[in-house]
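> everything below, folded, please.
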Amino acid sequence: MPIPYGLTVDWLKQTFLFGVNLTDDEGNPYPDGMFELCIEAAAEMLEADLGVKFTLRTVTDELVDVAPGDWLRNYQFQTKHTPLRTVTKLEFKQGDFPGWTIPSNWIYIRNENMGLVEVIPGQGTIQRPSEYYASFGSMSFHDNMGRQLESRRAGYLRVSYTVGFDGTTYPIPAMIKLAIGQLASMLPLDTAGDLIAGAGIASYSTSMDGLSESVSTTSSATNSGYGARILSYQNQLKTNIAALKKRYLGAMVTVL
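Have a look, this model is predicted:
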């Protein structure tokens, strides 16, 4: 996936790695490719965990199950990916049979962050083959053979939509930037901690003309020199992700 808009290597260094020596034993800076990979991997992990898309994308013909009585809830459902921007097409369709296309002004996005959608009848008509029919007033749709829905239909509702952030019209929220930065900075911090006094060195001492100096770090065979900052980021990340899940996942809509 592409790196989310505005989340650059300089952004990661200046915001989350400030004060960290990002060079090797010979003074060579860490390659930008390492930071780019960390940002990309962090974004992918959080996308999978939250169901949130960090770049603007189009989803086509996502399948939603429909059950008898769903019309009482205005066929309310949640898209698999969020945050929802627009619904470009919504139809009831089974297999290769002709479908019922819902007018755009009947489609109501109740919650963008959670991808929560309802079908509320209004002006306009449903585009459908004349030999099939549906009850508009009760929104109790019939199947493509003209039969009233009496059982759960897997993937009977198909939705196409746009989702995500573009950095301009839909800027990435600060909480998401914070989570990506905290997660992406852990590998560079771990690497820098190992090299804080030289590769594999936890302490060293020097002496000259009777004067001596000894330097010890928090680095050891089992602990990174920046372990405290890593632990702090991990604790902050847990709290941040819990808050993001409430915002973007909420209570997923299910039908028993």
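> in the protein, which spans are strands?
57-66, 77-78, 84-92, 100-101, 107-111, 116-119, 134-135, 140-141, 153-163, 203-208, 211-216 (DSSP state E).
> need those in CSV with mean pLDDT and distance to residue 180, can you?
Bear in mind the C-beta positions are built from the backbone N, C-alpha and C, glycine included. What follows is the strands of the chain, written out as CSV (pLDDT from 0 to 100; distance: least, C-beta to C-beta, whole Å):
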stretch, mean pLDDT, distance to residue 180
strand 57-66, 94, 17
strand 77-78, 93, 24
strand 84-92, 94, 20
strand 100-101, 84, 38
strand 107-111, 94, 23
strand 116-119, 93, 25
strand 134-135, 46, 45
strand 140-141, 50, 42
strand 153-163, 91, 18
strand 203-208, 46, 35
strand 211-216, 46, 34
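> most packed of these?
strand 77-78 (a mean of 22; mean count of other C-beta atoms under 10 Å).
> tell me the strands beside it, with direction?
Using DSSP bridges, strand 77-78 pairs in its sheet with strand 116-119 (antiparallel).
> returning to what we had before: columns distance to residue 250 on top of the strands of the chain, output as TSV?
Listed next are these as TSV, based on distance: least, C-beta to C-beta, whole Å:
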stretch	distance to residue 250
strand 57-66	17
strand 77-78	8
strand 84-92	13
strand 100-101	28
strand 107-111	8
strand 116-119	8
strand 134-135	30
strand 140-141	26
strand 153-163	16
strand 203-208	51
strand 211-216	49
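> where does the protein dip in pLDDT?
1, 123-150, 194-225, 251-256 (pLDDT under 70).
> by residue count, what's the longest helix in it?
helix 227-248 (DSSP state H).
> same for it, what does it pack against?
Other helices and strands packing on helix 227-248, by 3 or more C-beta pairs under 8 Å, 6 or more residues apart in numbering; DSSP states H and E, are helix 32-50, helix 174-184, helix 186-194.
> between those helices, which one is nearest to residue 161?
Counting by C-beta to C-beta, residue 161 lies closest to helix 32-50 out of the helices and strands packed on helix 227-248; the figure is 16.3 Å.
> run the angle between the closest one and helix 174-184 for me.
120 degrees (axes from the mean of the first three to the mean of the last three C-alpha atoms, to 10 degrees).
> next, count neighbours for residue 164.
Residue 164 has 21 neighbouring residues, counting by other C-beta atoms under 10 Å.
> adding mean neighbour count, write the helices and strands packed on helix 227-248 out as JSON lines.
Shown next, in JSON lines, are the helices and strands packed on helix 227-248 (neighbours: other C-beta atoms under 10 Å):
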{"stretch": "helix 32-50", "mean neighbour count": "17"}
{"stretch": "helix 174-184", "mean neighbour count": "20"}
{"stretch": "helix 186-194", "mean neighbour count": "19"}
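> next, count neighbours for residue 69.
Residue 69 has 10 nearby residues by other C-beta under 10 Å.
> whoops, residue 23 was the one
Residue 23, neighbours per other C-beta under 10 Å, totals 12.
> any idea how far the closest residue to it other than its chain neighbours is from residue 181?
Using C-beta to C-beta, 6 or more residues apart in numbering and skipping residues adjacent in sequence, the residue nearest residue 23 is residue 29, 5.3 Å away. Distance, residue 29 to residue 181, by C-beta to C-beta, to the nearest Å: 19 Å.
> do residue 154 as well
40 Å.
> for residue 9, same thing?
12 Å.
> tell me how far residue 14 lies from residue 181.
Distance from residue 14 to residue 181, by C-beta to C-beta: 10 Å.
> again, but for residue 21
Counting by C-beta to C-beta, the gap from residue 21 to residue 181 is 19 Å.
> possible to save the helices and strands packed on helix 227-248 as TSV with distance to residue 242?
Output for the helices and strands packed on helix 227-248, formatted as TSV (distance: least, C-beta to C-beta, whole Å):
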stretch	distance to residue 242
helix 32-50	11
helix 174-184	11
helix 186-194	18
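> those: which one's closest to residue 115?
helix 32-50 (11.5 Å).
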